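S.K.: sequence plus the predicted model coming up.
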Amino acid sequence: MKPTVKKGLLIGRTRYKESSLIIRTLMEDGSLVSLLFKGALRRKSGIAGRIRPFALLEFVYYHRPGKNIYTASDVEVLEDFSDAVSDYTSQQRVAKFFKKAVSLIKPEQSVPEIFDIVLALLREWKEISSLSENLLWSGFLLKIMTFAGFSPTIFRCAICGGKINHEENSAFSPSAGGLICSSCRKPNDAIQFSKEMVKTAQFLLSNSFTKYFKIMPAEDEFKKLNIALQKFWEYHIGEEKS
Amino acid sequence: MASQAIEELIAELCRLPGFGVRTATRIAYFLLSRPKEDIYALIDALKKFAENVKVCSICFNVSECDPCPICADENRDHSVICVVEEPQDLAAIENTGVYDGVYHILGGVLDALEGISPDDLHIKELFQRVSEGDVKEVILALNPTSEGETTISYLTKYLKNYDVKITTLAKGISSGSDLEFADKRTIRQALENRTKIEVEK
Ligand SMILES: [Zn+2]
Ligand SMILES: [Zn+2]
């Protein structure tokens, strides 16, 4: 049988039996795949040392329809980001982003853009880790929700469909599905959005993480934006399974 | 349908790590094929295990007493603490016969992806021991995995505040592998040639 070769990221690993490992991966096609590395912990195999977290890996495995764990034969490290994510605190921060992204992908589903966003976050981590956590989370949530098909409307009014100009008195409503213009009646769960917040949300979605430095720092507004997006997530997606 | 007793045994076995329903079922039917005495011997062993095995309140080693024989041994050098992940690693080092200090078992390593944080490990207790006792050296004998490396740098960051020498095992145990799979000679050399971690205070 011909092996499958795919790039992916490690999202979890468990020891299996005496010396084997079962790992969970987010593959380049945006699917979640579990792989079994038999005898990976044995002294001479050397494979366990290459199953690195926070690195772009390339897996060689045998895809078998109907199975949910595939047997893998090899793994290579293509890009290692562990220098940027070396201390436990930053690993914890990055792991939280991973977990959120992965929770959007259902079994049998693949969302390649989610892999791209997570990989971009890792690649750019060294640079962007100093950004406000609220800002980074807002941008990340907007991006992953958009590609998973849950995007809040942020360029048009969720009620009348009119273009959201940068006017005063717009609001964000999870139940309505996004931003609401100044002329529409606001639902009960509407959160006031300033002109700057609307602009920021639109900028975050349309630009890469490294461009976020161009945004004028306004932590209070970033926090409000992040909370609004978390509420949107809870309303439309619910709590992620752990 | 199988009897309820079998179902119950399978359900209990399934709670063990690495056991799925299939493996558990195989074990259940295997036990069934054995003489009854074998099953009673297993029950006896489990009972003794439950009643007699204790976790050392100092180093978290498992033995039949608390403190464990290593911590209680006055001939060992209590100023040197060797930090390992699991009791199996302690056993691997003890087997070399060259180490006469004491141990501290962390109970794992920091793993952000799996959500294992400092609070899940015996890290606080290690710092406590170092701050109270007359400790001169802490050997960080963790497995050479990326999680092991992360844990070493986390521990170093805090241990450098105390007046102790911090060392790690010399390279030689293959990367990603476990101490328990390394042979005696490799571990002995890694221990004897351990290197000091230079820290900025
Ligand atoms: Zn409107
Ligand atoms: Zn002890």
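M.R.: Everything's here; your move. Ligands and ions are numbered 1, 2, ... in the order given.

S.K.: backbone dihedrals for A:S90, please?
M.R.: Here the main-chain torsion angles of A:S90 (degrees, to the nearest 10) amount to phi -70, psi -30.

S.K.: equivalent analysis for A:A176, please.
M.R.: Backbone dihedrals for A:A176, given as degrees, to the nearest 10, come out at phi -80, psi -20.

S.K.: measure it to chain B for me?
M.R.: 34 Å (Cβ to the nearest Cβ, to the nearest Å). In short, each C-beta sits where N, CA and C put it, glycine included.

S.K.: so which strand or helix has A:D74?
M.R.: Per DSSP states H and E: A:D74 is located in strand A:69-80.

S.K.: residue boundaries of the strands in chain A?
M.R.: In chain A, strands defined by DSSP state E lie at A:4-16, A:20-27, A:32-37, A:55-62, A:69-80, A:170-173, A:178-180, A:191-193, listed in chain order.

S.K.: quick one, which of those gets closest to ligand 2.
M.R.: Of all the strands of chain A, it is strand A:4-16 that lies closest to ligand 2, at 24.6 Å by Cβ to the ion.

S.K.: buried residues in that closest one, which are they?
M.R.: A:K6, A:K7, A:G8, A:L9, A:L10, A:I11, A:G12, A:R13, A:Y16 (16 or more other Cβ atoms under 10 Å in any protein chain shown).

S.K.: may I have the strand holding A:D74 as PDB, with CA atoms only?
M.R.: Extracted C-alpha coordinates of strand A:69-80, given in PDB (Å, rounded to 0.1, in the frame of the first residue of the first chain):
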ATOM      1  CA  ILE A  69      -6.200   5.900  14.000                       C
ATOM      2  CA  TYR A  70      -3.700   5.400  11.200                       C
ATOM      3  CA  THR A  71      -0.300   3.700  11.500                       C
ATOM      4  CA  ALA A  72       2.500   6.100  10.800                       C
ATOM      5  CA  SER A  73       6.000   5.100   9.700                       C
ATOM      6  CA  ASP A  74       8.000   8.300   9.800                       C
ATOM      7  CA  VAL A  75       8.000  12.000  10.600                       C
ATOM      8  CA  GLU A  76      10.300  14.900   9.700                       C
ATOM      9  CA  VAL A  77      10.700  18.300  11.200                       C
ATOM     10  CA  LEU A  78      10.200  20.900   8.400                       C
ATOM     11  CA  GLU A  79      10.200  24.100  10.500                       C
ATOM     12  CA  ASP A  80      10.800  24.300  14.200                       C
END
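
S.K.: just checking, what packs against that strand?
M.R.: Identification of packing neighbours for strand A:69-80 by 3 or more Cβ pairs under 8 Å, 6 or more residues apart in numbering or on different chains; DSSP states H and E yields strand A:32-37, strand A:55-62.

S.K.: so which bits of that strand are buried?
M.R.: Going by neighbour count (16+ other Cβ under 10 Å), the buried part of strand A:69-80 is A:Y70, A:A72, A:V75.

S.K.: do the same with stretch A:34-48
M.R.: Those would be A:S34, A:L35, A:L36, A:F37, A:G39, A:A40, A:L41, A:R42, A:R43, A:S45, A:I47, A:A48, for stretch A:34-48 by 16+ other Cβ under 10 Å.

S.K.: if I look at the first one, how far off is A:F213?
M.R.: A:S34 sits 37 Å away from A:F213, going by Cβ to Cβ, to the nearest Å.

S.K.: ditto for the second one
M.R.: Here the criterion is Cβ to Cβ. By it, A:L35 lies 37 Å from A:F213.

S.K.: check the fourth one too.
M.R.: Taking Cβ to Cβ as the measure, A:F37 and A:F213 are separated by 40 Å.

S.K.: again, but for the fifth one
M.R.: Taken as Cβ to Cβ, the spacing of A:G39 relative to A:F213 amounts to 46 Å.

S.K.: what packs against the longest helix along chain B?
M.R.: Ranked by residue count under DSSP state H, the longest helix found in chain B is helix B:36-52. The elements that helix B:36-52 packs onto, with contact taken as 3+ Cβ pairs under 8 Å, 6+ apart, are helix B:21-33.

S.K.: got the contact list for the helix ranked longest in chain A?
M.R.: Determined from DSSP H, the single longest helix within chain A is helix A:219-236. The list of residues contacting helix A:219-236 from outside it, by Cβ atoms under 8 Å, 6 or more residues apart in numbering or on different chains, reads A:132, A:134-135, A:137-138, A:141-142, A:145, A:150, A:152, A:172, A:174-175, A:178, A:189, A:191, A:193-194, A:196-197, A:200-201.

S.K.: how about A:I128: what's its closest non-neighbour residue?
M.R.: If you skip the residues right next to it in sequence, A:I128 has A:F209 as its closest partner in space, 4.7 Å away by Cβ to Cβ, 6 or more residues apart in numbering or on different chains.

S.K.: what residues does chain A put near chain B?
M.R.: A:10-17, A:19, A:40-54, A:82, A:86-88, A:91-92, A:94-95, A:98, A:242 (Cβ under 8 Å from any Cβ of the partner chain).

S.K.: what is the nearest residue to A:T14 once chain neighbours are set aside paired to in the beta sheet?
M.R.: Using Cβ to Cβ, 6+ apart and skipping the chain neighbours, the partner closest in space to A:T14 is A:I22 (5.1 Å). According to DSSP bridges, A:T14, A:L36 are recorded as the beta-bridge partners of A:I22.

S.K.: what do you get for B:I166?
M.R.: Applying DSSP bridges to B:I166 yields these beta-bridge partners: B:V138.

S.K.: between the buried residues of strand A:69-80, which is closest to chain B?
M.R.: The shortest approach to chain B among the buried residues of strand A:69-80 belongs to A:V75, at 10.3 Å (Cβ to the nearest Cβ).
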